[in-house]
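Trainee: How does the following fold in three dimensions:
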Amino acid sequence: MDSIFDGKLNIEVAVASGIEAVCKRELLRLGYNPSGANFGRIEFEGDYKDVLRANVFLRTANRVRIVLAKFKAETFDELFDGIFAMRWQDVVTRDSRIIVNAKSQSSKLFALRSIQSISKKAIISKLASTLGGSFDESGAVYDVEVSLCGDVATVTLDTSGEGLHKRGYRTYLGDAPIRETLAAAMIELSVWNPDRAFIDPFCGSGTIPIEAALIGLNIAPCMNRNFACESFKNAPNVRELVQQEAQDSIRDRVLYISGFDINKDAIKLAQKHAERAGVKDKIHLQVGDMRDVSSRFSHGVIVTNPPYGERLMDESELKVLYRDFGAMTRKLDEWCMYAITSYRAFEKYFGARADKVRKLYNSELECNFYQYLAAPPKKNDKPKEPCDKRI
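Mentor: Okay, here's the model as predicted:
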């Protein structure tokens, strides 16, 4: 049978609000020509191998979808007809388990359950008319999204399965964890590069230091997990090619990354996660109070997700913590500091106004990403040895 996966595809990347530009830069580095972001979605052209490359290599994307169709739909009849007109027999097989999700924004069609049921009915009707027979839906899952924005319906097929923040190394969750995709975006938004010292003084279960190590070693973030599209029966088998590319891209080097946390159980989790990610020997993880953090290097970068709001402590404790955090940071000479928090008075208690503030979202929680810049390092400031307990 013919398959849509054999030709050129319109590929869509979903990304969280505030980090669209970061994801677009990633796509450019991978050799693509991405569109501008529209409601957290960036499109580019490619083939099925590029679908897998995006899933394996993108650090900040939430998921990757294939755009199957776009058409005008102001009524449910137009929605049914538009979906029925698609060549579903080239997308799915007789035993496919088809799941339909719906989204609606500024559209005359806003009843999500109705959008789902009508879309699923149109798909099954088309398959019945082309393939005939019955459908037991016992095979691979095909997750279809019907998104209505204004008068336009966009039909996409998910290729990722679980969200791309699930790299496979974090099997245990500490208190108030940050998503891997957001951690990677924070690092990408900083001035850090692998030659510079890096500290996370509130590292928790280790996500930010681990993501920094993956970036520093050029390890593809999702090379050790599987994706929904690998179970599509009519898709070509190109995973080995992409996997080999990811393996060949790894660059071994000395890194100067440290993570500290006052909670010894959190550090134990961080060590387990670093081992699972294959970067345990590249990161120094230590039980320690943020107030005691210091460095032998005059320049470096702090990227961190400190406690905030109802996250781990009350407001009075938070004020003291941020005041002490500011005092510790000012002891680190010409270090840049990047911190994400939902606490609006962060600058007041930290003791300095940020050079830049960017709105980001930690899951559904609106936060500010405070950026404090410093003078760039001199050429001879590069460390000559890996970080120790006092980097």
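
Trainee: Which parts of the stretch 151-300 of the chain are helices?
Mentor: For the stretch 151-300 of the chain, applying DSSP state H, counting those that start in this stretch gives helices covering 180-189, 207-216, 239-249, 264-277.

Trainee: Could you identify which of those helices is most buried?
Mentor: helix 207-216 (a mean of 27; mean count of other CB atoms under 10 Å). All C-beta atoms are positioned from the backbone trio N, CA, C, and that covers glycine.

Trainee: Pretty sure residue 97 sits against residue 142.
Mentor: Yes: the criterion here is CB atoms under 8 Å, and residue 97 meets it with residue 142 at 6.9 Å.

Trainee: Now render the helices of the stretch 151-300 of the chain as CSV, adding mean pLDDT and distance to residue 359.
Mentor: Listed next are the helices of the stretch 151-300 of the chain as CSV, based on pLDDT from 0 to 100; distance: least, CB to CB, whole Å:
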stretch, mean pLDDT, distance to residue 359
helix 180-189, 98, 12
helix 207-216, 98, 19
helix 239-249, 98, 32
helix 264-277, 96, 27
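
Trainee: nearest to residue 168, of those?
Mentor: For residue 168, the closest of the helices of the stretch 151-300 of the chain is helix 264-277, at 7.3 Å, according to CB to CB.

Trainee: Which secondary structure elements does the closest one sit against?
Mentor: Where contact means 3 or more CB pairs under 8 Å, 6 or more residues apart in numbering; DSSP states H and E, helix 264-277 is packed against helix 207-216, strand 257-261, strand 283-287.

Trainee: Throw the ones you listed into TSV and include distance to residue 117, thanks.
Mentor: Listed next are those as TSV, based on distance: least, CB to CB, whole Å:
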stretch	distance to residue 117
helix 207-216	39
strand 257-261	48
strand 283-287	49
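
Trainee: nearest to residue 347, of those?
Mentor: For residue 347, the closest of the helices and strands packed on helix 264-277 is helix 207-216, at 20.9 Å, according to CB to CB.

Trainee: rewinding a little: between the helices of the stretch 151-300 of the chain, which one is nearest to residue 258?
Mentor: Comparing these by their distance to residue 258 (CB to CB), the top pick is helix 207-216, with 7.2 Å.

Trainee: for residue 147, phi and psi?
Mentor: Geometry field for residue 147 lists phi and psi as phi -110, psi 120, criterion degrees, to the nearest 10.

Trainee: I should have written residue 354 there, sorry.
Mentor: Per-residue torsions, residue 354: phi -70, psi 150 (degrees, to the nearest 10).

Trainee: any idea how far it is from residue 321?
Mentor: 17 Å (CB to CB, to the nearest Å).

Trainee: Same question for residue 314.
Mentor: Distance, residue 314 to residue 321, by CB to CB: 11 Å.

Trainee: between those two, who's got more neighbours?
Mentor: Higher neighbour count among residue 314 and residue 321: residue 321, with 20 against 9, using other CB atoms under 10 Å.

Trainee: Am I right that the more buried one falls within a helix?
Mentor: Yes: counting by DSSP: H, G, I helix; E, B strand; the rest coil, one finds residue 321 located in a helix.

Trainee: Backbone dihedrals for the nearest residue to it once chain neighbours are set aside, please?
Mentor: Closest residue to residue 321 apart from its sequence neighbours, by CB to CB, 6 or more residues apart in numbering: residue 307 at 6.5 Å. Dihedral pair for residue 307: phi -60, psi 150, per degrees, to the nearest 10.

Trainee: so who does residue 307 touch?
Mentor: Residues in contact with residue 307 (CB atoms under 8 Å, 6 or more residues apart in numbering) are 176, 202, 313, 318, 321.

Trainee: Is it possible to get CSV of those that adds pLDDT?
Mentor: Formatted as CSV, the contacts of residue 307 follow (pLDDT from 0 to 100):
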residue, pLDDT
176, 61
202, 97
313, 73
318, 93
321, 96
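
Trainee: Now distance to residue 160 too, for the residues you listed, in a markdown table please.
Mentor: As requested, these are exported to a markdown table (distance: CB to CB, whole Å):
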| residue | distance to residue 160 |
| --- | --- |
| 176 | 25 |
| 202 | 29 |
| 313 | 35 |
| 318 | 36 |
| 321 | 37 |
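
Trainee: Identify, from the residues you listed, the entry nearest to residue 8.
Mentor: Checking the contacts of residue 307 one by one against residue 8 (CB to CB), the nearest turns out to be residue 176, at 43.0 Å.

Trainee: Could you check how many residues crowd around residue 330?
Mentor: When neighbours are counted by other CB under 10 Å, residue 330 registers 14.

Trainee: same check, this time on residue 370
Mentor: 20.

Trainee: Run through the bridge partners of it.
Mentor: residue 339, residue 357 (DSSP bridges).

Trainee: OK, contacts around it?
Mentor: By CB under 8 Å, 6+ apart, the residues touching residue 370 are 337-341, 346-347, 350, 354, 356-357.

Trainee: Any chance of CSV for these, columns distance to residue 154 and neighbour count?
Mentor: Output for these, formatted as CSV (distance: CB to CB, whole Å; neighbours: other CB atoms under 10 Å):
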residue, distance to residue 154, neighbour count
337, 40, 27
338, 35, 24
339, 36, 25
340, 31, 25
341, 35, 23
346, 38, 23
347, 40, 17
350, 43, 25
354, 37, 18
356, 34, 11
357, 33, 12
